[in-house]
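**Q** when you get a sec, could you give me coordinates for this:
(chains A and B)
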Amino acid sequence: MTAPARTEPDTTAAHEATGAPAPVPGGTAIRHGRFEHGLMFVAPFLALYALFLVWPVVLGIKMSLTSDNITGSGGEYVGFDNYTEALSDPDMWEALWQTVWFTLLSTVPLVLLGLVMALLAHGLRFVDWLWRLSWFAPYLLPSGVVGLLWLWIIYPADFGLADQLLAEFGLHPGIGWLTDPQYAMLSIVITTIWWTVGFNFLLYLAALQSIPQHLYEAAELDGATAWQRLWHITLPMLRRTTGVVVILQLLASLKIFDQVYIMTQGGPDGATRTTLLYVFEEGFTGYRIGYASAASYIFFALIVLVSLIHLHLARRTRQESTS
Amino acid sequence: MLGSAARLAGLVALTGAGAAGTASCAAPSSVASGKTPLRYWHLFGGGDGVTMQAMLDAFEAEHAGIALDAAQLEWGAPYYTKLGMAGAGGRAPEVAVLHLARLPGFGPGKLLDAFDLDLLAEYGVRPGDFPAEIWDRGAIGGKQYAVPLDTHPLVLYYQTEICEQAGLLRADGRIKTLEGAGEFVDALRAIRRVTGRPPLVMETTGADAAGPARVFATFYAQTGGTLLDDTGTRLTLDEDKALRVLEFMRMLTHDGLAVRVADYQGSVGIFNAGETGLALNGDWEVSTYLETELPFSMAPVPTLFDRPAAQADSHSFVLPHQEDRGGEANRAAHRFVAWMLRHSADWASGGHIPAYTPTLSKPAYLKLEPQSEYRHVIDYVALDPPAWFAGSASLMWLELGHIFSGVFTGSRTPESALAEARAGLKKLLDTPSPLGDIPAPGGDQA
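**A** Modelled structure (predicted):
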């Protein structure tokens, strides 16, 4: 299944449909058609896209209908058995719930903090590079470094940095940050916020800098307070960015894996066992690649659903704001 | 969050697969020099890793004609994923390490090649040199797929100074034999009077916590209970016996006789800091405590229920499947395995009980203190049932570890944990082995 083979017949169809002159038969189409020229430029990308995205997706669907194992040999066709098994497995639902719970816990602070940090950095005119650097820096670290950093330095009960800080404020230390089911997910959320909030911060900062200065000048002439300027100019002008930030954050949070894999491996007591971890365990510890594929396609459907809902909401807001 | 490429790269780096990938794909440079290439994968880190490396160095020094290329990979599920996929591709290393209880799920004949017993005998190792039960677990369908190197049971560590103050030591400095749950609990109370803290520590929670399942398996085997039948296909969980054990486990943490929340590293740290008199853990942690000069010794887990038993698994050597196994490289693999076994007194310094019985009577082993103190455990070890989902770092351990952790920490009652364990085992039994039907282990079952 190569990209050109599939798209070429479509060009003719497109020409016919639009009423544009049909390509001259006999192989001269390349000289005349703009489409083919364009295709030449995008072909390398299309080939990679087909090879590394389209083909694995097709292969994955095929595998999810078999009892394929990790050796890739001897998987029999089982129809939708894997899907029905996954949907009736309480562990799968538990993992989905953990994923959604993580997403809810992380998305709200990540978006709000990103905004607040950007507003602060935008307002602070002195050593502004320092704010930008310090808030964005964690994002540059690889997940392995972040995981181990928090695992070994911040979270150990009693002697970790987190407990030490709490003790400074006279609070009772000794929290099992990663060993107590009650706190484990929260700890992963805190780590994630520290690690990734810089990205949202940067998006907001860029958006803030593109708001025309004359709006503020006009508002000031009208006697608007700082609060009113924020509420009636800045935030509405950031609406689009917020939409982008929220959807990117939702999708990123749903895909939570690295931190959990490194820091808790789904424990303690399954408290941080998210969907991707469930897929990983079933597929790579249990060797059931077919089943793991089915579980990941169910998850895929959930992510598509979230994206569609967002798309729908975004369209409605856009219509409202233009009407 | 990073992109999936970065994520993948991180994972690869984490599992150590990066190093192994290079090792397996590159043509051994030694071919040109006329040496026989011998690639070996193992999962020994920490103290075990140091011991293994010393043995590998010694082997290399003695075998000039063999170019040994050893790769240490991340312990646990990632190791088995990597090893399985290498065998599936037929491009595996010549020899590797596998937990014996993982063998039934590891596709003997598909992912693993059988040993040539004549070749092993040529290098001085025979089936009669091993405890029959452990040797037979390495055989499937009449062929030997795994050759055991050691047995590593759950053992009792004791802090000698604290135990002496608590009056638990005999005249020779060894811990008294504690018979039955009553005596054990009395001993714990005596220690608590000395330290003023919970007197026992073991892994009760944490990432991939296997400790709770190991402790349960030990005491449950002491009651005579089994999880599955000998073929690993039928649930034989005895509710009364299991409940007795779970209630005992709950009592330990609930009554302050054991540290309630301790992950693996925490449990090692707490014992090492002298906060408890006793610790239940695998024998391998001896290297850690020897390094810190903690006053301690080791003993078999006391018999609290009806008979002596201790949960155990065995590190064993296997021959991962190669399309064209044979020739000099295969000979070198057998020679390597035999050499390691004959030198397993060195390996025993890391705490494991050698499976090669001639070693057990060697002075070099007997003078190892405290490693030789619990060597008799080998006579009553409780191995995992022979099922595809059992064995170290397997699905069963993940499942039972989660559940029994809850009994220690208090998030589950013994009754609810039992119901969950039953459901979990049932689910695993109902799932067909992903690698297809595999005959139960055993020497003569062809």
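**Q** before we move on, which element is the residue nearest to residue A:91 when sequence neighbours are not counted in?
**A** Once flanking residues are discounted, residue A:91 sits nearest to residue A:278: 6.6 Å by CB to CB, 6 or more residues apart in numbering or on different chains. Quick note: C-beta positions are derived from backbone N, CA and C, even for glycine. Assigned by DSSP states H and E, residue A:278 falls within helix A:275-280.
**Q** ok, residue B:224 next?
**A** Per DSSP H and E, there is no helix or strand for residue B:224.
**Q** and it, how close does it get to chain A?
**A** Counting by CB to the nearest CB, to the nearest Å, the separation of residue B:224 from chain A is 29 Å.
**Q** thought that residue was touching residue B:306?
**A** Yes: judged on CB atoms under 8 Å, residue B:224 makes contact with residue B:306 at a distance of 5.7 Å.
**Q** now the helices: where do they sit in the stretch 201-350 of chain B?
**A** B:211-222, B:239-254, B:264-272, B:286-291, B:327-342, B:344-347 (DSSP state H, counting those that start in this stretch).
**Q** the second one and chain A, are they touching?
**A** No: judged by CB under 8 Å from any CB of the partner chain, helix B:239-254 makes no contact with chain A; its nearest approach is 13.4 Å.
**Q** for that helix, the averaged confidence score.
**A** Averaged across helix B:239-254, the pLDDT comes to 96.
**Q** same question for the third one.
**A** Across helix B:264-272, pLDDT averages out at 91.
**Q** go ahead and name everything in contact with that helix.
**A** Helix B:264-272 is contacted by residues A:157, A:179, B:157, B:159, B:201-204, B:206, B:209, B:211, B:259, B:262, B:276, B:279, B:281, B:285, B:288-289, B:292, B:294, B:296 when judged by CB atoms under 8 Å, 6 or more residues apart in numbering or on different chains.
**Q** contacts only, for the residue nearest to residue B:310 when sequence neighbours are not counted.
**A** Closest residue in space to residue B:310, ignoring its immediate chain neighbours: residue B:153 at 4.1 Å, by CB to CB, 6+ apart. With contact taken as CB under 8 Å, 6+ apart, residue B:153 is in contact with B:282-283, B:300-301, B:310-312, B:353, B:374, B:377-378, B:381.
**Q** returning to what we had before: in JSON lines, list the helices of the stretch 201-350 of chain B along with mean neighbour count and distance to residue A:283.
**A** Shown next, in JSON lines, are the helices of the stretch 201-350 of chain B (neighbours: other CB atoms under 10 Å in any protein chain shown; distance: least, CB to CB, whole Å):
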{"stretch": "helix B:211-222", "mean neighbour count": "25", "distance to residue A:283": "22"}
{"stretch": "helix B:239-254", "mean neighbour count": "19", "distance to residue A:283": "30"}
{"stretch": "helix B:264-272", "mean neighbour count": "21", "distance to residue A:283": "25"}
{"stretch": "helix B:286-291", "mean neighbour count": "19", "distance to residue A:283": "33"}
{"stretch": "helix B:327-342", "mean neighbour count": "20", "distance to residue A:283": "30"}
{"stretch": "helix B:344-347", "mean neighbour count": "22", "distance to residue A:283": "33"}
